[in-house]
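J.: Sequence unavailable; structure follows:
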């Protein structure tokens, strides 16, 4: 590897943390955030077709989202602030189905998180403000959205909540079902 270090995430196959080499001097810094050849050598052979960016304030929890019939690979990073980013394995037949992995992404650590198709994805904003960027391997299909409840006890995500945390959700996110409902809907 040259400018990008790629690490596997625990026992969940396919998830990867990418750490770029940051070249800094008195002007600031430079880094490669994507290099197709290096990603391919690390086992990430994906064509990204859409880039997205969101801004959120502290306590916003977005997710856990997925597309049902048009799943997306995602490469996510934070360019301002800090978030706790989570992926939940929804791959049928996977030995880690229903397991989750979380990582702190921030403007300081400059890490990226690669999330393959058929994972639910979400994040919690830890800083006062955060800007979140992600590349996707398929286009967004508004009628194809799916989700899992952020605090489903069967999944058991350990969100880093602070004392007195008041979470902020979209209208739909607190209404998603848990993984048991997902399995029932998919006949798993």
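T.: Sure, I can see it. A quick note: this is a predicted structure, and the numbers were derived from the prediction, not measured. Numbering: from 1, shown residues only.

J.: show me what contacts the residue of the chain positioned farthest from its centre?
T.: Largest separation from the mean C-alpha position in the chain: residue 26, at 32.4 Å (Cα atoms, centre = their mean). By Cβ atoms under 8 Å, 6 or more residues apart in numbering, the contact set of residue 26 is empty. Yep, even glycine has a C-beta here, placed from its N, CA and C like the rest.

J.: residue ranges for the strands of this structure, please.
T.: 4-8, 16-20, 23-25, 28-30, 50-57, 61-67, 74-80, 82-89, 100-106, 112-115, 119-125, 129-136, 145-147 (DSSP state E).

J.: Dump the ones you listed into a markdown table; add mean pLDDT, mean neighbour count and distance to residue 155 as well.
T.: Output for the strands of the chain, formatted as a markdown table (pLDDT from 0 to 100; neighbours: other Cβ atoms under 10 Å; distance: least, Cβ to Cβ, whole Å):
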| stretch | mean pLDDT | mean neighbour count | distance to residue 155 |
| --- | --- | --- | --- |
| strand 4-8 | 91 | 15 | 21 |
| strand 16-20 | 95 | 19 | 20 |
| strand 23-25 | 93 | 9 | 39 |
| strand 28-30 | 93 | 10 | 37 |
| strand 50-57 | 97 | 13 | 22 |
| strand 61-67 | 96 | 22 | 8 |
| strand 74-80 | 98 | 21 | 18 |
| strand 82-89 | 98 | 24 | 6 |
| strand 100-106 | 98 | 20 | 6 |
| strand 112-115 | 98 | 25 | 15 |
| strand 119-125 | 98 | 25 | 9 |
| strand 129-136 | 97 | 19 | 21 |
| strand 145-147 | 96 | 17 | 12 |
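
J.: wait, which of these is closest to residue 177?
T.: Counting by Cβ to Cβ, residue 177 lies closest to strand 145-147 out of those; the figure is 8.3 Å.

J.: before we move on, back to that, now tabulate the strands of the chain in JSON lines and tack on distance to residue 169.
T.: Below are those laid out as JSON lines (distance: least, Cβ to Cβ, whole Å):
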{"stretch": "strand 4-8", "distance to residue 169": "31"}
{"stretch": "strand 16-20", "distance to residue 169": "26"}
{"stretch": "strand 23-25", "distance to residue 169": "37"}
{"stretch": "strand 28-30", "distance to residue 169": "34"}
{"stretch": "strand 50-57", "distance to residue 169": "11"}
{"stretch": "strand 61-67", "distance to residue 169": "6"}
{"stretch": "strand 74-80", "distance to residue 169": "19"}
{"stretch": "strand 82-89", "distance to residue 169": "15"}
{"stretch": "strand 100-106", "distance to residue 169": "18"}
{"stretch": "strand 112-115", "distance to residue 169": "20"}
{"stretch": "strand 119-125", "distance to residue 169": "10"}
{"stretch": "strand 129-136", "distance to residue 169": "16"}
{"stretch": "strand 145-147", "distance to residue 169": "11"}
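
J.: Many thanks, have a good one.
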